[in-house]
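J.: What follows is a protein structure lacking sequence information:
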């Protein structure tokens, strides 16, 4: 979710029903060096609460110091990312790389817990590869040194995002009589049915949804409604899609400025409108539009063209 789950994206997810959200993961080294990009990721807003600031890094001292810096902006919790599998992170000894050195992971987590008065949570994976699926032991050790909740992505680092997430092993963590902190599952949840089925089958306390919310922030309200009633909400109509894109763009411009706000919004258009037939010409125009006014004009045209098609 790097370069995706920024404040504008989180704003539409909150409106879509998300209960708890996290910032993009923030480099501990960047924070202690006061790097502009890392500092900007500390921006949180009252309407986002509860909100967690997510940190990653490979140096224990830097992680502790970054937790102290993050605490100063008053999030609701601090989250440590031990799950990111990408080379740029893992090769620096951060993210999922810590799955190869569990003692260091435990020491790092303990120092972060000591560095803040806020609750500390962790997100990680089942293990580094098929031969090191040690998440049950890891969960116990992290709980013992003070984390308040654990989210587990049901794949190893070697799997990256391929194959099917293994929720059975996540369920075994929850079943472990030694565990008393909330356990959240992550991986492959892209529908209300899956969210309800996984929660009921494996007993987790909740589910984390990431990629399925890109271009579809309504998934959170749909999941909650289905769990409460067993019934499906109708999908968002075209006017709601268009209105949400407008809001997302407005938040983006407000946070990043008119030029960067328009530029960085370009990555979202295809996802918001992926269900519309023959949308490619509009997508190209949206991506090339240099100003917000031109984007708004295109959104009006999209509404007109596809509403007429429905008639």
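T.: Right, received. Where do you want to start? On a predicted model such as this, the values are computed, not experimentally measured, just so you know.
J.: For the stretch 201-311 of the chain, just list every one of the helices.
T.: All helices of the stretch 201-311 of the chain, identified by DSSP state H, counting those that start in this stretch, fall at 219-229, 238-256, 258-265, 269-272, 280-288, 292-310.
J.: Would you format these as a markdown table with mean pLDDT, mean neighbour count and distance to residue 183 included?
T.: Using the backbone N, CA and C atoms, a C-beta is placed for each residue, glycine as well. Below are the helices of the stretch 201-311 of the chain laid out as a markdown table (pLDDT from 0 to 100; neighbours: other CB atoms under 10 Å; distance: least, CB to CB, whole Å):
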| stretch | mean pLDDT | mean neighbour count | distance to residue 183 |
| --- | --- | --- | --- |
| helix 219-229 | 96 | 17 | 17 |
| helix 238-256 | 95 | 18 | 31 |
| helix 258-265 | 94 | 17 | 34 |
| helix 269-272 | 94 | 19 | 29 |
| helix 280-288 | 94 | 14 | 39 |
| helix 292-310 | 89 | 15 | 41 |
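J.: Between these, which one is closest to residue 181.
T.: Nearest to residue 181, of all the helices of the stretch 201-311 of the chain, is helix 219-229, at 21.6 Å by CB to CB.
J.: Relative to residue 214, how far out is the nearest residue to residue 187 once chain neighbours are set aside?
T.: Nearest residue to residue 187, sequence neighbours excluded (CB to CB, 6 or more residues apart in numbering): residue 165, at 2.9 Å. In this structure, residue 165 and residue 214 are separated by 17 Å, where distance is defined by CB to CB, to the nearest Å.
J.: circling back to that earlier point, could I get the helices of the stretch 201-311 of the chain as a markdown table with distance to residue 159?
T.: Compiled in a markdown table, those are given as follows (distance: least, CB to CB, whole Å):
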| stretch | distance to residue 159 |
| --- | --- |
| helix 219-229 | 23 |
| helix 238-256 | 31 |
| helix 258-265 | 29 |
| helix 269-272 | 24 |
| helix 280-288 | 31 |
| helix 292-310 | 38 |
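J.: burial count for residue 163?
T.: The local packing count at residue 163 equals 12, with neighbours defined by other CB atoms under 10 Å.
J.: helices or strands next to the lowest-mean-pLDDT helix or strand in the chain in the packing?
T.: Here the helix or strand of the chain ranked lowest by mean pLDDT, DSSP states H and E is helix 87-90, holding a mean of 86. In this structure, helix 87-90 makes packing contacts with no helix or strand, judged by 3 or more CB pairs under 8 Å, 6 or more residues apart in numbering; DSSP states H and E.
J.: Which positions in that helix come out as buried?
T.: Across helix 87-90, burial judged by 16 or more other CB atoms under 10 Å covers 89-90.
J.: heads up, I number from 41, so please use that
T.: With 41 as the first residue, the last one maps to helix 127-130.
J.: which outside residues touch that helix?
T.: Under the criterion CB atoms under 8 Å, 6 or more residues apart in numbering, residues 96, 124, 135-137, 197 lie in contact with helix 127-130.
J.: Contacts only, for residue 204.
T.: Remark: with contacts taken as CB under 8 Å, 6+ apart, residue 204 is in contact with residue 228.
J.: Hmm, residue 96 and residue 67 touching each other?
T.: Yes. At 6.5 Å, residue 67 counts as touching residue 96 under the criterion of CB atoms under 8 Å.
J.: Break the protein down into its structural domains.
T.: Using automatic domain parsing, the domain ranges for the chain come out as 47-269, 278-350.
J.: Off-centre distance for the shortest one?
T.: Spelled out, it's domain 278-350. Relative to its chain's centre, domain 278-350 lies at 22 Å (CA atoms, centre = their mean, to the nearest Å).
J.: How many neighbouring residues does residue 167 have?
T.: Residues contacting residue 167 under the criterion other CB under 10 Å number 23.
J.: close enough to count as contact, it and residue 173?
T.: Yes. Proximity of residue 167 to residue 173 meets the contact threshold set by CB under 8 Å, at 4.0 Å.
J.: And the strands in the chain, which stretches?
T.: Taking DSSP state E as the criterion, the chain carries its strands at 61-62, 66-67, 91-96, 117-122, 160-165, 189-193, 223-226, 246-248.
J.: Same list (the ones you listed) but as TSV, adding distance to residue 272 and mean neighbour count.
T.: Formatted as TSV, the entries for these read as follows, by distance: least, CB to CB, whole Å; neighbours: other CB atoms under 10 Å:
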stretch	distance to residue 272	mean neighbour count
strand 61-62	24	22
strand 66-67	36	22
strand 91-96	29	24
strand 117-122	31	24
strand 160-165	29	24
strand 189-193	26	24
strand 223-226	22	24
strand 246-248	17	18
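J.: Nearest the middle, which residue of this protein would you pick?
T.: For the chain, the residue lying nearest the average C-alpha position, counting by CA atoms, centre = their mean, turns out to be residue 250 (4.6 Å).
J.: Roughly how far does that one sit from residue 332?
T.: Plainly put, residue 250 is 27 Å away from residue 332 if you go by CB to CB.
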